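> Kindly generate the corresponding structure for this input.
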Amino acid sequence: MAEPQRQQKHHSLQIEDRGVLRATGIERVDLFSEELITAQTGLGLLHIKGEGLHMDSLDSQTGDLLARGKVTAVSYTESGPNLSFFARLFK
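Got it, this is the predicted structure:
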């Protein structure tokens, strides 16, 4: 039997002066540190690289993310199978 498709949230990304990043359509944050934030979107994994990164807010209901710090790179990768916390940790 086919698995029901989940409703894909609208995703957008806005960067102001390389210091403030706003994103919508975030389903979950898999990893965050001062150098990297990895977040799952309906369109794939979003990787935000930088210096002194910190998340000001993440609203799990609306999928809105606000992060600050020096953004040096943003990239996307296609989503793989959903892995457990430990599988992602030891990947």
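> So for the protein, the centremost residue is which one?
A39 (2.0 Å; CA atoms, centre = their mean).
> which residues does that one contact?
By CB atoms under 8 Å, 6 or more residues apart in numbering, the contact set of A39 is 23, 26-30, 45-46, 48, 65. Every residue, glycine included, has its C-beta placed from N, CA and C.
> how about 6 Å then?
Residues near A39 by CB atoms under 6 Å, 6 or more residues apart in numbering: 26, 29, 46.
> what helix or strand is H10 on?
Following DSSP states H and E, there is no helix or strand that holds H10.
> burial of the residue nearest to it when sequence neighbours are not counted, as a residue count?
Counting by CB to CB, 6 or more residues apart in numbering, G25 is the residue found nearest to H10 once chain neighbours are left out, at 5.4 Å. Using other CB atoms under 10 Å, G25 has 20 neighbouring residues.
> surely G25 meets K9?
Yes. The pair G25 and K9 passes the contact test of CB atoms under 6 Å, sitting 4.0 Å apart.
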